[in-house]
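Trainee: Take a look and give me a structure for this.
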Amino acid sequence: MATGGTDKDYKLVVPDRGVQCNDGDDVTLRCHLSPETSAVAMEIRWFKGTECIYLYRSGHVIEGRGYEGRVSVDPQQLQRGGVSLTLRRSSWWGDDNGVYTCQVISGGHREEGRVGLVIKPAAFEWVRG
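Mentor: Below you'll find the predicted structure:
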């Protein structure tokens, strides 16, 4: 079991304010609780703009429209306070660029952090005839 004080003693840490990847890559938006505190019993929400794209509550996960099968939080990392979001098959064309917000809620305590994502478009090769 992760150590730490009460569930109100944690802070949400966002080590990278901005992340870059190439179109089509899997990318992880890193966030964790400090001190190391289990997040298994907490509510984890990830937003893209104002849209909730990932919700973890009581062991159940809801993925937002357009993000089905593409977003996840590692359940084993939750034990150690890891609430990082992995986005599979990032899409420059699909508007995955932007600011993502992580919220961690436990009782009346809420922590929030933001990570910017910049996706570089795939290079096009022109074939000469």
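Trainee: In the protein, mark out all the strands, start to finish.
Mentor: 11-13, 18-22, 27-29, 32-34, 43-48, 51-57, 60-63, 71-72, 85-87, 98-106, 109-120 (DSSP state E).
Trainee: Pull the contacting residues for the residue minimising distance to the centre of the chain.
Mentor: With distances taken as C-alpha atoms, centre = their mean, the chain has L85 as the residue nearest its mean C-alpha position (2.6 Å). Contact analysis of L85 by C-beta atoms under 8 Å, 6 or more residues apart in numbering lists 28-29, 31, 46, 54, 71-73, 100, 102. Where C-beta positions appear, they are placed from N, C-alpha and C, glycine not excepted.
Trainee: Which one of the residues you listed sits in the busiest neighbourhood?
Mentor: Greatest neighbour count in those, by other C-beta atoms under 10 Å, goes to C31: 29 neighbours.
Trainee: Tell me, please, where in the protein the pLDDT is lower than the cut-off.
Mentor: The chain contains residues with pLDDT under 70 at 1-8, 123-129.
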